[in-house]
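**Q** got a structure for you, letters missing:
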């Protein structure tokens with residue numbers, strides 16, 4: 001094993017403790033591509049190497065700013081890991097951090113579109129019951145799809161209709177989420193089916209939502225399966241809005257603000273580290289906040 005592979009392996013093991021499998025996989029692929037491009041020890045990389053690589057991704061690989069920002073974020077996290085352990089003198093803060101100015105966010109999902117998808121799923125079929133439960137849970141809690149799929153069976157409390165989940169994108173942060181009677185009933189039905197599925201599975205898992213596909217039967221459900229579901233339902237039900245797991249999250253936040261829920265509470269429910277993130281996420285730019293302040297608070 002080369003030095004680069006060994007260091008990357010240590011980093012990935014460290015990263016996997018507090019991040020989702022999808023994030024770890026994304027960082028692993030990003031690092032592998034950078035190391036292949038650089039073709040030398042990561043410990044002697046200089047500031048200019050990162051600038052050149054950023055230009056390479058932009059001009060030769062034609063990455064958009066959103067993807068480019070993710071690639072460079074992986075490098076920044078890896079070099080911070082090395083820098084904090086005094087394995088390199090290259091400061092991670094010198095690595096370029098492109099602004100995400102071309103990312104397209106889907107608009108907040110409408111309640112009628114969410115209901116249309118939920119009603120189209122038949123609880124008689126295990127895979128549709130699972131998907132129906134996931135979408136209902138997303139609607140009631142506003143959690144990210146990765147957070148929903150990372151929930152374990154012991155994390156939920158059906159009696160009190162709440163769960164403690166790990167907040168993605170925030171190190172060592174957990175928060176409580178809550179749901180209503182409809183979601184609770186679906187969760188109970190799914191858990192009963194889940195137990196039957198796991199009796200036939202060759203691997204034991206703590207995951208609340210498990211796969212029913214032949215090649216991954218009984219394993220933790222994958223994000224891409226749910227993303228494909230939204231694509232299929234938009235087409236089959238002729239839904240014109242770009243409804244997705246993320247737009248349901250946006251709809252949750254917008255619904256809270258429209259119903260006069262304190263923005264601070266919405267921030268806690270969504271798991272945002274900063275209130276500014278919540279307000280911009282809900283379509284309230286900082287400039288609007290400033291204008292309201294100057295008009296009504298002075």
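**A** Alright, I've got the coordinates. Everything numeric in this text was worked out from a predicted model, so none of it was measured. Residues are numbered from 1 along each chain as shown.
**Q** now the strands: where do they sit in the stretch 151-298 of the chain?
**A** Ranges of strands within the stretch 151-298 of the chain are 156-157, 162-166, 174-178, based on DSSP state E, counting those that start in this stretch.
**Q** I'd like those strands laid out as TSV, including distance to residue 188 and mean neighbour count.
**A** (Glycine included, C-beta is placed from N, CA and C.) Putting these into TSV (distance: least, Cβ to Cβ, whole Å; neighbours: other Cβ atoms under 10 Å) gives the following:
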stretch	distance to residue 188	mean neighbour count
strand 156-157	10	16
strand 162-166	14	19
strand 174-178	16	15
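**Q** out of those strands, which comes closest to residue 206?
**A** strand 156-157 (11.5 Å; Cβ to Cβ).
**Q** And for that closest one, what's in contact with it?
**A** For strand 156-157, contacts defined as Cβ atoms under 8 Å, 6 or more residues apart in numbering pick out 162-163, 187, 208.
**Q** before we move on, the earlier item: who wins for proximity to residue 16 among the strands of the stretch 151-298 of the chain?
**A** strand 162-166 (12.5 Å).
**Q** in stretch 233-246, what counts as buried?
**A** Neighbour counts over stretch 233-246 (16 or more other Cβ atoms under 10 Å) mark 233-234, 239, 242-246 as buried.
**Q** Quick one: residues contacting the closest residue to residue 142 other than its chain neighbours.
**A** Closest residue to residue 142 in three dimensions, ignoring its sequence neighbours and counting by Cβ to Cβ, 6 or more residues apart in numbering: residue 252, at 3.2 Å. Taking Cβ under 8 Å, 6+ apart, we find residue 252 in contact with 138-139, 141-142, 269-270.
**Q** circling back: adding mean pLDDT, write the strands of the stretch 151-298 of the chain out as TSV.
**A** Formatted as TSV, the strands of the stretch 151-298 of the chain follow (pLDDT from 0 to 100):
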stretch	mean pLDDT
strand 156-157	96
strand 162-166	93
strand 174-178	94
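**Q** on that earlier part again, what pLDDT does the model give the residue nearest to residue 142?
**A** We note a pLDDT of 92 for residue 252 in this prediction.
**Q** Residue 105 now?
**A** 54.
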